[in-house]
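> I would like to see how this sequence folds:
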Amino acid sequence: MNASNHLAMKKRVLQLLLLSGAGFILSAQTATAQVSFTGQIRTRTELRHGQGSLPAKDAKPNFFTNQRTRLNLGYTTDRLRFLISAQEVRVWGSDQSTISNLEGSKLFLHQAWGELILSDSSSIKVDNLSIKAGRQEIMYDDSRLLGNLDWLQQARRHDAVILKFSNKGWQADLGFAFNQNHGQDTPGKSGNIYQSIPAAPVAPGTNGIGMMYKSMQYGYFARNATFGRLSLLLFKDDFQKTQVQDGVLQYTEGVNSRVTLGGALFSKLSDNLRVNAAAYYQGNDDRLGNTLEAYNLTLDAAYTYGKLTTNPGFDWLSGNGKDTSGNVNHRFDPLYGTPHKFWGFMDYFYVADAFGTDGNPTRSPGLVDYFIRNRYVASDKLSASVDLHAFYAANSFAEGEVSPLRAGGAGRRLATEADLVLQYGLFKNVSMEAGYAIIFATDKLDILKAPATDKQNHGQWAYLMLNLTPDFLAKTEKGKQ
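Take a look at the predicted model:
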């Protein structure tokens with residue numbers, strides 16, 4: 001079957017699924033059941049000239065429009081929660097949970113999960129005890145380490161099962177995933193060696209990690225109280241071991257396990273002042289089997305005065321220094337979070353594009369980001385934000401082996417970035433957003449991105465986004481939703 005016929009078949013399956021699913025769910029609706037049928041069309045027209053990496057001297061701006069289209073069917077009863085947004089037959093892990101633009105421009109299943117409610121008023125007397133299984137978004141806290149990456153049109157999802165508990169302000173979740181390339185037990189396809197997804201040149205995961213996890217397990221624990229929210233995360237992801245034979249990467253038996261442990265505090269000191277802090281440690285092994293010792297520290301404060309909120313702070317992510325001969329890796333990887341939210345809208349750091357000496361992520365010097373975010377809410381419909389970042393390397397780093405140093409480079413300062421966003425709600429379920437971002441780079445930043453013979457010292461990016469999120473079952477008033 002060729003690619004066009006395969007895509008046409010998947011579209012027909014999706015249409016049948018949505019029609020039959022909607023009919024079944026609506027016919028099954030009872031007094032105690034809740035049905036949702038929502039959608040989204042999000043178009044984003046972009047002008048890119050150095051978004052993600054500094055442009056070459058002779059590079060021309062890139063102009064295009066991309067679109068996300070979603071249909072979501074939900075069904076909730078006392079014992080079951082259910083959500084599906086598309087249909088395909090697949091084995092868990094057979095396509096990537098990624099932030100790469102090279103994989104995702106296709107029809108695919110974003111979410112399809114069921115959640116069994118185990119708690120009720122007569123037996124298990126807690127606010128919630130449930131098991132959620134299937135393809136799902138996993139989000140905690142501010143989405144720093146685990147988030148749905150909704151800004152990217154493909155977004156992020158995981159194939160997992162989660163045991164969820166909450167009661168009187170306490171929360172505890174236990175999550176598990178096990179990825180496999182296929183579900184067959186035939187000659188040549190037996191065993192549990194996971195060959196990641198997909199093949200080069202697409203790099204799954206964050207920060208150019210280059211492979212999808214084989215399995216993962218985590219525990220998330222949190223407490224809500226008058227002071228705010230305190231959380232603890234223990235996360236382990238396992239990567240299939242690899243070896244290079246005759247210049248070819250091969251996957252072998254066993255896994256290298258990475259462990260991330262830490263916590264976050266989101267405090268409310270007054271109606272106008274909030275202080276947030278987080279600290280995380282990564283240890284055990286990196287995906288290549290090297291000893292891993294890495295850290296992430298962050299602190300920020302947000303003060304609201306009338307319609308204006310200002311939010312200064314800093315992020316510190318450890319990295320590797322000039323000495324690259326050792327087997328200890330100090331590069332912190334922000335797991336499966338939302339880099340676009342934290343380290344500049346230009347996406348130069350900790351996104352799929354590699355960040356390290358000569359574009360080698362294993363030689364990343366880490367990052368220190370001093371920022372101040374400002375948001376002005378003019379009305380219920382209109383808001384504006386201006387974010388400023390000053391980026392520095394957390395360590396001194398080796399000069400490039402391919403990219404030459406331009407004259408004038410000194411110190412660890414990498415770049416200064418400004419991000420501007422204007423949001424306007426046209427009416428219910430329809431909004432528009434316009435943004436502009438610009439980065440001014442020092443000569444040092446050349447060394448940490450993919451090599452090029454001669455680059456410009458700044459990059460720009462502008463976009464205009466229209467977001468429609470209809471609720472097809474909502475009651476209308478005088479012909480308007």
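
> Pretty sure Asn128 sits against Leu116.
No: using C-beta atoms under 8 Å, Asn128 is not in contact with Leu116, being 11.5 Å away. No exception for glycine: its C-beta is placed from N, CA and C like everyone else's.

> Tyr392 is in contact with Arg412, correct?
Yes: with contact defined as C-beta under 8 Å, Arg412 reaches Tyr392; the gap is 4.8 Å.

> between the two, what contacts are shared?
Common neighbours of Arg412 and Tyr392, counting by C-beta atoms under 8 Å, 6 or more residues apart in numbering, are Val368.

> So these two - more neighbours on which side?
Shown here are Arg412 and Tyr392; by other C-beta atoms under 10 Å, Tyr392 has more neighbours (20 against 16).

> Read off the pLDDT value for that one.
On the pLDDT scale, Tyr392 is placed at 94.

> That one pairs with what?
Val368, Arg413 (DSSP bridges).

> Am I right that it is in contact with Thr416?
No: if you go by C-beta under 8 Å, Tyr392 and Thr416 don't touch, sitting 10.4 Å apart.

> residues shared between the contacts of these two?
By C-beta under 8 Å, 6+ apart, no residue touches both Tyr392 and Thr416.

> Point out where the stretch 51-200 of the chain drops to low pLDDT.
For the stretch 51-200 of the chain, the stretches with pLDDT under 70 are 86-106, 121-122, 184-190, 197-200.

> any chance you could map the strands in it?
62-76, 80-84, 112-117, 128-136, 158-167, 170-178 (DSSP state E, counting those that start in this stretch).

> got the angle between the fourth one and strand 158-167?
To tie it back to what came earlier, the one meant is strand 128-136. 170 degrees (axes from the mean of the first three to the mean of the last three C-alpha atoms, to 10 degrees).

> Just want the angle from strand 128-136 to strand 170-178.
Here strand 128-136 runs at an angle of 30 degrees relative to strand 170-178 (the same axes, to 10 degrees).

> Strand partners (parallel or antiparallel) of strand 128-136?
Counting by DSSP bridges, strand 128-136 is paired with strand 112-117 (antiparallel), strand 158-167 (antiparallel).

> May I see those organised as JSON lines, with mean neighbour count and distance to Ala441 added?
Formatted as JSON lines, these follow (neighbours: other C-beta atoms under 10 Å; distance: least, C-beta to C-beta, whole Å):
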{"stretch": "strand 112-117", "mean neighbour count": "18", "distance to Ala441": "42"}
{"stretch": "strand 158-167", "mean neighbour count": "19", "distance to Ala441": "34"}
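
> just so I know, which of those lies nearest Gly52?
Gly52 lies closest, by C-beta to C-beta, to one member of the strands paired with strand 128-136: strand 158-167, at 24.1 Å.

> who's in contact with the closest one?
So strand 158-167 is contacted by 92-93, 97, 115, 126-138, 171-177, 179, 216, 336 (C-beta under 8 Å, 6+ apart).

> still on that earlier bit, can you add distance to Asp285 and give the strands paired with strand 128-136 back as a markdown table?
Putting those into a markdown table (distance: least, C-beta to C-beta, whole Å) gives the following:
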| stretch | distance to Asp285 |
| --- | --- |
| strand 112-117 | 31 |
| strand 158-167 | 21 |
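
> which one of the ones you listed lies closest to Asp286?
strand 158-167 (20.4 Å).

> From the chain's centroid, how far away is that closest one?
Centroid displacement of strand 158-167 relative to its chain, using C-alpha atoms, centre = their mean, to the nearest Å, is 18 Å.

> next one: stretch 376-395
On C-alpha atoms, centre = their mean, the centre of stretch 376-395 falls 19 Å from that of its chain.

> How far does that stretch stretch from one end to the other?
35 Å (C-alpha to C-alpha, to the nearest Å).

> how about it: buried residues?
Residues 377, 383, 385, 387, 389, 391-395 are the ones in stretch 376-395 that count as buried (16 or more other C-beta atoms under 10 Å).

> So which of those sit within helices?
Among the buried residues of stretch 376-395, none falls in helices (DSSP state H).

> and His340, what are its phi and psi?
Per-residue torsions, His340: phi -60, psi -30 (degrees, to the nearest 10).

> ok, it - how many residues close by?
When neighbours are counted by other C-beta under 10 Å, His340 comes out with 19.

> Pull the residues that contact stretch 116-128.
78-81, 129-132, 164-168.

> Those residues into CSV, with extra columns for distance to Phe371?
Converted to CSV, the contacts of stretch 116-128 look like this (distance: C-beta to C-beta, whole Å):
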residue, distance to Phe371
Asp78, 45
Arg79, 45
Leu80, 43
Arg81, 37
Leu129, 39
Ser130, 37
Ile131, 39
Lys132, 34
Lys164, 33
Phe165, 35
Ser166, 32
Asn167, 36
Lys168, 36
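
> which one of the residues you listed sits closest to Val244?
Distances from Val244 to these, taken by C-beta to C-beta, are shortest for Lys132, at 39.1 Å.

> Skipping its backbone neighbours, what lies nearest that closest one in space?
With C-beta to C-beta, 6 or more residues apart in numbering as the criterion, Lys132 has its nearest non-adjacent residue at 4.1 Å, and that residue is Glu115.

> hang on, that neighbour packs against Leu80?
Yes: Glu115 is in contact with Leu80 according to C-beta under 8 Å; the separation is 7.0 Å.

> Excluding covalently adjacent residues, which one is nearest to Lys57?
Lys57's closest residue in space is Asp454 (C-beta to C-beta, 6+ apart), at 4.6 Å.

> That neighbour: neighbour count?
Neighbours around Asp454, by other C-beta under 10 Å: 11.

> about what we covered before: can I get the buried residues of stretch 376-395 in a markdown table with distance to Leu234?
As requested, the buried residues of stretch 376-395 are arranged in a markdown table below (distance: C-beta to C-beta, whole Å):
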| residue | distance to Leu234 |
| --- | --- |
| Val377 | 37 |
| Ser383 | 36 |
| Ser385 | 33 |
| Asp387 | 31 |
| His389 | 30 |
| Phe391 | 30 |
| Tyr392 | 30 |
| Ala393 | 29 |
| Ala394 | 24 |
| Asn395 | 27 |
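
> Keep only those of those residues that are in strands.
Cross-referencing these against strands under DSSP state E gives 377, 383, 385, 387, 389, 391-392.

> and the gap between the residue nearest to Gly114 when sequence neighbours are not counted and Leu71?
In space, and not counting its chain neighbours, Gly114 is closest to Phe82: 5.1 Å by C-beta to C-beta, 6+ apart. Separation of Phe82 from Leu71 (C-beta to C-beta, to the nearest Å): 15 Å.

> Next: Leu445.
42 Å.

> Tyr280 - that's part of a helix, no?
No: read with DSSP: H, G, I helix; E, B strand; the rest coil, Tyr280 is strand and lies in no helix.

> what are the bridge partners for the residue nearest to it when sequence neighbours are not counted, then?
Spatial nearest neighbour of Tyr280, excluding adjacent residues (C-beta to C-beta, 6+ apart): Gly262 at 3.1 Å. Here Gly262 sits in beta bridges with Leu233, Tyr280, going by DSSP bridges.
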